[in-house]
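J.: Mind looking at a prediction? Sequence and model below.
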There are 4 protein chains.
Amino acid sequence: MHRDGAVLRCKSTRVGSIGFAYPFPVKTNVLRFSMRAPSDVSELAAAIRAGSVDPARIVAVLGKTEGNGLVNDFTRGYLIQSLKLLLGKHGEKPVYVFSGGTEGVLSPHYTVFSVEDSSEKGQKALAVGCSVTRDLRPEEIGTTTQVKLVSDAVAKAMADAKLSREEVSFVQVKAPGGTSNQSMAYSRVAGAFGVGMALGEIQDFSEKDFLKNLKLQSPRASVSSGIEIAMCEVMVLGNSAAWGGPLRIASRPMADAMDLDAVLGVLADLGLGRNARDLARVRAVMVKGEPDASGSVRGHRHTMLTDGDMNAQRHIRGALGGLVAGVFGDGRLFVSGGAEHQGPAGGGLIAAIAEAA
Amino acid sequence: MHRDGAVLRCKSTRVGSIGFAYPFPVKTNVLRFSMRAPSDVSELAAAIRAGSVDPARIVAVLGKTEGNGLVNDFTRGYLIQSLKLLLGKHGEKPVYVFSGGTEGVLSPHYTVFSVEDSSEKGQKALAVGCSVTRDLRPEEIGTTTQVKLVSDAVAKAMADAKLSREEVSFVQVKAPGGTSNQSMAYSRVAGAFGVGMALGEIQDFSEKDFLKNLKLQSPRASVSSGIEIAMCEVMVLGNSAAWGGPLRIASRPMADAMDLDAVLGVLADLGLGRNARDLARVRAVMVKGEPDASGSVRGHRHTMLTDGDMNAQRHIRGALGGLVAGVFGDGRLFVSGGAEHQGPAGGGLIAAIAEAA
Amino acid sequence: MHRDGAVLRCKSTRVGSIGFAYPFPVKTNVLRFSMRAPSDVSELAAAIRAGSVDPARIVAVLGKTEGNGLVNDFTRGYLIQSLKLLLGKHGEKPVYVFSGGTEGVLSPHYTVFSVEDSSEKGQKALAVGCSVTRDLRPEEIGTTTQVKLVSDAVAKAMADAKLSREEVSFVQVKAPGGTSNQSMAYSRVAGAFGVGMALGEIQDFSEKDFLKNLKLQSPRASVSSGIEIAMCEVMVLGNSAAWGGPLRIASRPMADAMDLDAVLGVLADLGLGRNARDLARVRAVMVKGEPDASGSVRGHRHTMLTDGDMNAQRHIRGALGGLVAGVFGDGRLFVSGGAEHQGPAGGGLIAAIAEAA
Amino acid sequence: MHRDGAVLRCKSTRVGSIGFAYPFPVKTNVLRFSMRAPSDVSELAAAIRAGSVDPARIVAVLGKTEGNGLVNDFTRGYLIQSLKLLLGKHGEKPVYVFSGGTEGVLSPHYTVFSVEDSSEKGQKALAVGCSVTRDLRPEEIGTTTQVKLVSDAVAKAMADAKLSREEVSFVQVKAPGGTSNQSMAYSRVAGAFGVGMALGEIQDFSEKDFLKNLKLQSPRASVSSGIEIAMCEVMVLGNSAAWGGPLRIASRPMADAMDLDAVLGVLADLGLGRNARDLARVRAVMVKGEPDASGSVRGHRHTMLTDGDMNAQRHIRGALGGLVAGVFGDGRLFVSGGAEHQGPAGGGLIAAIAEAA
C-alpha cells in the first residue's frame, strides 16, 4: 500500500513479480522525460499518444522531483498521483522510485522502463526485473525481517529477468521509512543488506552490524526510503543474454564524493567517450552517495553535517550532481543521498544505461 | 575602510599599492591553511612561528568561510577580525578577499600570498600585485565611477607587478556592496567592467550595458562584493619574467557549470596530470560561476533560481565545487558565485596556481 | 485555467458568479478540517459521507498547506488535485485559495465554505460571494487591467451575496503570479487596488502608486498570488441581513506585526472572550501581514529581509502565527504574507468568523 | 576555557564566583543595547564613555545574535570576541550567554548586567549572582557529574547574591555542547537538573530520567549549550532584601507555546499593564520554549519537527517571539529554544525584569 503522511492507499494485491507474462526474448525500453513541475506528465502523455511507449508494459518509473528530498517533501507523492491519473488502470502496476532534490545543475525528470517484444537476440542486453514485497509492519522496518523480504524480492526479480548474480549491475530498492530520519536510515540499511545477501556480497551479519560494520556493503545497491510506501519495491537491472535490444548497463562503486575516475570508468565500460555523439547514446544515470561521516573528504573538513540551514542530503546531492553532470553533460541524473552500506563508506556507486556504440 | 553591518572601521590611509618596496626579482609565496572555525587562525600562527611566512610581507589573503555567503554571512568579518588580531600591526596592509559558503565538498580554508626576496630568475613565474581604491560613496557603487576606479587600481597593480595585459591570468576584486542583493550585483558588474577595461577586453560601454549586454565580459575577472568594505581591493595574478620562484598560474573561461573541459584544461596548461604527484603541486584554485539565468543548463531546466529555501548562490557553489574537486581531488577551492560579466554568461572562469612540474 | 509550473488546465468556462442559484435566505456553512499531508482530504470525505456538507454547494476552500509558501511550493497544487479527485464533478466549481507555510505553531488545515438553505432570518449573518475573472494574459498581470477585472469581480460577488460596501468584512483574492517574486508582488498589489476600488477605499490612482504610495490601501483586502492559476478568483465575506444562520464575521487592520490589540479587538467585535467556551465558537481566522520594509518594528531592527537562509515570508508567518494563536489558542489559522497595500504598511489585517454568542 | 570550533582559549583561572567584592547593599544595573551586526558593540562603548556602566563591574552579558542559533552559528563567538576587544582587561570576567536566531520580529541585542554600589535598601530588589564551574571533560557532558557541578555553581551564586531558594526567579546556565545536536540536548538536560537540584525542585533522579521522565523539571531554569565553552557558566536572578535599586524580576512557567496567560501574568506580577508608560519600564525579557515533541499543540498538528529546510529551533523561536513581542511591544527579547526539563514539556518559561511601578 502507498501512503502520504498517514494516508494509506492499499496495494497489497500487488505482491510478487511485475510485468513478466511476455515471451522471451524481450527488450527493455528506457525513455527519459523532463518535467516543468511535479504534476507535469505531459511528455509521457505525448509519448504514449505517439506510440513510443505502451502504458500496459511499463514496469518502473525512476525520477528526480524538485522538492527538498527530506521527510516533508511531497513532490514525490504529487508526481505519483499525477502519473497514476495519466496511466489509469495501468497506473497501479509499476514500481515508482522518486528521489526529491534537484540541487545545483540537477534537472527534474523521470525515466520510464517498459518491457517490449523483441525478435533479435545476440549480445547481452539490458534486462529489468521488478518485484514487490508484502507490506511491512512498522516494527519490522530496519530489521532482519526486512533484509530477508528484500533479499527474496531481489532473487525473484533476478529469476524473472533471467539475471545471474554476476550479471546484475544495479538494484534499486524503495523501502518504507518511519517518520524520523533515524528510521529512514535503518530502512535503507536493511534494504542494502537485502540486496547484498541476494547478490552474495554480504553473508554473515546481525543487526549489530547496521550502521556499524561499514565493510559490509553492496556496491550495486541503491536504496531510498520514504513514508509514502509500506512495502519494499525492487528493480533489478543487468545485462542478460536472454534479452534483446541495443541497451547496456554498467556500474561502479565510488570511493568518495570526488571519485571522478569511477564516473569516467562507467562511461568507458559502456564503450563511450566524452564526445557529443557518444554522450547522446546515454539513456539514464543513477548515482548514490553520502556526506562522509568522518567529517572530511580526502583529509579536508567538509561542513555538510554541521550546517543548520541546509540539510546534508541537499549538500551531497548538489556536489555529486556537479561532478557527474560534468562528465555526462546532462543534469537529468538520478542522484540520491543516504548510501549507508551501499558502496564504500563516504562514497557510493554510479550506474549508467546507454545504447551500445 | 572596513565595515560590518553599518559598523565602519576606517582604512582610507591605505589607498594605493600594497607591498612593493622589495627589489626585483622577488617571488610569490602561496600557502593554503585549513580552518576549524572562522576564528581559527592557528595554522597561519604556526607557519609564522616556524618562519614559513613573514607577516610583514603578506599582501593578500583569499579564502572560503563556512557561512551562507549571503548578506547575513558574518563569518567573513569574523575571520578578518581574527586575522588582524593575529597579525597585529601587519594586519591592516593585506587585501582580504573572503567568500562565504562551503557547500558540498568545499572545505573552509584561506590562502596567504606573500612577496619574498628571490635571487633566481628564469622562466616566467607567478607575480602578484595588490592595490586599493579610495572609499566609494554609496551612490557611486555600481556606476562608471566605480569602473574607472577599479580599472585604475588594476593598472596600478599590474605596473607594480610588472605584468602586461597578456600576462595577467586572474584579477580578483573585492568591492563594496549595498545592503540588497541588487546593489551587490551591480557592484560586481562595475568591478568586472573595470577589470575588462584595464585588460583591454572591454572598451566602449555605458551603464546601460550592465546586466544587459552579456557579450561584454572579462574571462579573467573575479569580483566579490560585500557590505564589509567601502573601497575596492584588487589582486592581480599572472606570470611575469620579472619574478622568480617555482609557481605558475593558468586560467580559462568556463562555458557553463558543466564545463569539465575547462577544468581539465587549466590543469594541462600547468603541465600537470590527474595523478597524485602532480596534484600535490597545486597551491590554489579559484572558480567563479553563476546559475544560468535562462533557467536551464545545456537545454535542461535547473531549479536554482526558483528554490525558496536554498539560495541560488548556495546551489551553484555546491555544483561547481563538486565538479572542480573531482579533478583536483581537494575541497580547498575558492568557489564564488555571482559571475556577472565575468566569463561567459551562465558560466564563469577557473584559475589554478601550481609549482612548475 | 489552473496551472502548476507551466502546466495549464483550462477552467475558462467558469468565469462569473459561483454558487448562487439558491433562493434567499440562505446561510453559510463553515467547516474546518485538518490534514496529515497535502493529499489528505479524508476529513472532508468523512464530512460528506456524514452529510455535514453537500459537495454540490461548496463555493470556496481556503487553507494552509505545509510547503514553504514560495515559488517552488507544490503542496497547494497537490491539495487542489486531491480535493478535485474527491469532489469529482463538483470539484471544478469552488474557489480554491491555499497559502503555503505552516511555520511555528501554525497547523495544516483547510476551511470549506458552502451555501445552504436557511428558513431563519434575523440578525445580519455571514454572507459569502465568489466570482472568477477571465484568464489574464501574462502582460496584464500587475496592471490597471487586473485592477479593473478584480474590482468588477468583487462587485459581482458583493451583488450576488447582497452585501453593501459597508457590510463587507474581508475579501480574499487569489491572483496569478509570474515566475518571479517581483511579479507575484505586483499581482498582489493589483488585487489589493481592485478590492479597494470596489469597496470605495481607493479611488484616484495610477500604476505609479504601486508599491510606492503606501497610504493607498484596503484594510479588508487579502491577496495571494501564485503560478497555479491564470484568472483571479474572489471570495467576499461580510454580514448581511439577507442571510441566515448563526455565523458572524469581524475584521480589523493590524498596525504592525505586534498588534495584539487588533487581535483581541476582533475577538471582542464577535462578542467573545478568551475563555475556552467562547473560543470553541470560532470557525476560521484569516491574517495578512508582511515584514516591515523599513527594516524595523517599533524602532527595533528585524532581520527578516536580510536572512539568506530563511525567506522573509517564512519569518513573518511564523511570528504572526505565534501572536494570533496565543489569543485564539488554535494553530489552524490562515496566515499569509505579502500584504502590499492590504492594511497599513508593515502591518496587515485580521478577520475571524464565529458562531454568535 | 572558551572554544570556537575546536579552537580553545583557556579561562580556567576563572572558576568560582564572579564580581562580589562589593559591600552590600548593592544594586543591579541592567542595560539593553541594540546591534547592527554581531561585531557592533558601539552602543555599549558609548554607554561606557558616558559613564552609564562601569566595565569593571559587568558580571554578565545576555543576548540574541542574528545567526541561525544552531551548531554552525558563529555570530555568538564573533560578538564575544568583539566585546572582549572593547572591554580589554575587564573582558574575561563576565558570563556571556548568547543565543543565536532572531526569527520574525525578534531584534538583535544584548543586555549588560553590572553590580553597582547602592546606599538605599528597602523592598526586595533585583539580585544577580554569577559563577563558573571547572572545565568539563567531553565524557562528563550530559552526565550526573555535570548536574552536580551546575548544582554547586548555582548554590554558590545564590549564596553570593544572598538569594534563598524561594527568592530565585530565573537561572541561566550556559553549558558546553558536543558537536552533535544530541549532545547539545543532553548538556541542556544536565544543566536543568542541576538548577532543579539547587532549587529543591528535583531531588531523586538518575540519568535514565534524562529526556524520559518529563515530569522532572525546573520552571526557573533556562539552559543553553554551545561548542564555544568547556565549563558551565551560571547566572542566578531573583529579588532579595539585601539588594537595593528600582529593579524587580518575575517569572512564570509556560504551559505551551500558545500560553498568552503566562506572558500577561508576568507583566501583572511586575505590577505593570500593557500601556506605553508601563511597558517603557521593562528592561529585559527572557523566554525558553520548545517545539512540542508530541507533534501537536493543543490538539493540532504542527510541522516544526518534520521541516527539512527550516530547523525546529528556528520555528519555535519565531513563534514565541511573535507571541511575547505582542505583549511587550518590543522585539528585544531573549528567546531561546531547547527547553528540555525547563518548564512543562512542550512549553517552557518566561521571566521579565522591570523598574518597579
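T.: That came through fine. Keep in mind it's a predicted model, so treat the numbers as computed, not measured. Numbers count the residues shown, from 1 in each chain, chains lettered A, B, ... in the order given.
J.: Quick check: closest non-adjacent residue to A:Asn72.
T.: D:Thr306 (4.9 Å; C-beta to C-beta, 6 or more residues apart in numbering or on different chains). C-beta: built from backbone N, CA, C; applies to glycine.
J.: Which of the three states applies to the one you found?
T.: coil (DSSP: H, G, I helix; E, B strand; the rest coil).
J.: Would you enumerate the residues in contact with it?
T.: Neighbouring residues of D:Thr306 by C-beta atoms under 8 Å, 6 or more residues apart in numbering or on different chains: A:Val71, A:Asn72, A:Thr179.
J.: Out of these, which end up buried?
T.: Buried residues within the contacts of D:Thr306, counting neighbours by 16 or more other C-beta atoms under 10 Å in any protein chain shown: A:Val71, A:Asn72.
J.: so can I have TSV of the contacts of D:Thr306 showing secondary structure and pLDDT?
T.: Listed next are the contacts of D:Thr306 as TSV, based on DSSP: H, G, I helix; E, B strand; the rest coil; pLDDT from 0 to 100:
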residue	secondary structure	pLDDT
A:Val71	coil	89
A:Asn72	coil	93
A:Thr179	coil	71
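J.: circling back: report pLDDT for the residue nearest to A:Asn72.
T.: pLDDT recorded at D:Thr306 is 94.
J.: Low-confidence ranges, chain A, go.
T.: Scanning chain A for pLDDT under 70 picks out the ranges A:1-13.
J.: could you pull out the helices for it?
T.: A:42-49, A:75-87, A:144-160, A:181-198, A:260-269, A:276-279, A:312-328 (DSSP state H).
J.: closest one to chain B among these?
T.: The closest of the helices of chain A to chain B is helix A:312-328. By C-beta to the nearest C-beta, the value is 2.9 Å.
J.: Return the residues of the stretch 51-200 of chain A in contact with chain B.
T.: For the stretch 51-200 of chain A, the contact set with chain B under C-beta under 8 Å from any C-beta of the partner chain comprises A:Glu66, A:Asn68, A:Thr102, A:Glu103, A:Gly104, A:Val105, A:Leu106, A:Ser107, A:Pro108, A:His109.
J.: so how far is A:Ile229 from A:Asn68?
T.: A:Asn68 sits at a distance of 19 Å from A:Ile229 (criterion: C-beta to C-beta, to the nearest Å).
J.: now A:Phe24
T.: Taking C-beta to C-beta, one finds A:Phe24 at 30 Å from A:Ile229.
J.: Spatially nearest residue to the closest residue to chain D within the stretch 251-357 of chain A, not counting backbone neighbours?
T.: Per C-beta to the nearest C-beta, A:Gly308 is where the stretch 251-357 of chain A lies closest to chain D, at 2.7 Å. In space, and not counting its chain neighbours, A:Gly308 is closest to D:Leu70: 2.7 Å by C-beta to C-beta, 6+ apart.
J.: tell me the contacts of that neighbour?
T.: Applying C-beta under 8 Å, 6+ apart, the residues near D:Leu70 are A:Gly308, A:Asp309, D:Gly100, D:Gly101, D:Asn181, D:Asn311, D:Gln313, D:Arg314.
J.: Okay, buried residues for stretch A:269-280 please.
T.: A:Asp269, A:Leu270, A:Leu272, A:Arg274, A:Asp278, A:Leu279.
J.: Could you dump those into JSON lines and include distance to D:Gly338?
T.: Compiled in JSON lines, these are given as follows (distance: C-beta to C-beta, whole Å):
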{"residue": "A:Asp269", "distance to D:Gly338": "50"}
{"residue": "A:Leu270", "distance to D:Gly338": "51"}
{"residue": "A:Leu272", "distance to D:Gly338": "53"}
{"residue": "A:Arg274", "distance to D:Gly338": "50"}
{"residue": "A:Asp278", "distance to D:Gly338": "54"}
{"residue": "A:Leu279", "distance to D:Gly338": "50"}
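J.: Go back to those and keep what's next to chain B.
T.: Restricting the buried residues of stretch A:269-280 to those touching chain B (C-beta under 8 Å from any C-beta) yields A:Arg274.
J.: any idea which of the buried residues of stretch A:269-280 is closest to D:Val297?
T.: A:Leu279 (52.7 Å; C-beta to C-beta).
J.: my guess is the closest one contacts A:Ala325, does it?
T.: No - A:Leu279 lies out of contact with A:Ala325 (C-beta atoms under 8 Å); the separation is 11.1 Å.
J.: How about the contacts made by the nearest residue to A:Glu207 once chain neighbours are set aside?
T.: Spatially, and ignoring its direct neighbours in sequence, A:Glu207 is nearest to A:Thr144 (5.9 Å; C-beta to C-beta, 6+ apart). Counting by C-beta under 8 Å, 6+ apart, A:Thr144 touches A:Ala190, A:Ser206, A:Glu207.
J.: filter those to the buried ones?
T.: Buried residues within the contacts of A:Thr144, counting neighbours by 16+ other C-beta under 10 Å: A:Ala190.
J.: of the contacts of A:Thr144, closest to chain C?
T.: Among those, and counting by C-beta to the nearest C-beta, the member closest to chain C is A:Ala190, at 24.3 Å.
J.: returning to that earlier point: and the residue nearest to A:Glu207, how far is that from B:Val324?
T.: Distance, A:Thr144 to B:Val324, by C-beta to C-beta: 43 Å.
J.: From chain C, how far out is A:Gln81?
T.: Using C-beta to the nearest C-beta, to the nearest Å, A:Gln81 is found at 6 Å from chain C.
J.: contacting residues for that residue?
T.: Neighbours of A:Gln81 in contact, by C-beta under 8 Å, 6+ apart: C:Ser39, C:Tyr78, C:Gln81, C:Ser82, C:Leu85.
J.: Out of those residues, give me the two with the largest separation.
T.: The widest separation within the contacts of A:Gln81 (C-beta to C-beta) is 10.8 Å, between C:Tyr78 and C:Leu85.
J.: out of the two, which sits in the busier spot?
T.: Each of C:Tyr78 and C:Leu85 has its neighbours counted (other C-beta atoms under 10 Å in any protein chain shown); C:Tyr78 has more, 27 against 13.
J.: doesn't A:Leu79 make contact with that one?
T.: No - if you go by C-beta under 8 Å, C:Tyr78 and A:Leu79 don't touch, sitting 9.6 Å apart.
J.: Now for these two: what residues contact both?
T.: By C-beta under 8 Å, 6+ apart, the residues touching both C:Tyr78 and A:Leu79 are A:Pro38, A:Ser39.
J.: Would you mind naming what in chain A lies close to chain C?
T.: Counting by C-beta under 8 Å from any C-beta, chain A sits next to chain C at A:4-7, A:35-40, A:42, A:66-67, A:72, A:74-75, A:77-78, A:81-82, A:85, A:309-310.
J.: Now which of those would you call buried?
T.: Judged by 16+ other C-beta under 10 Å, buried ones among these: A:4-5, A:7, A:35-40, A:42, A:66-67, A:72, A:74-75, A:77-78, A:81-82, A:309-310.
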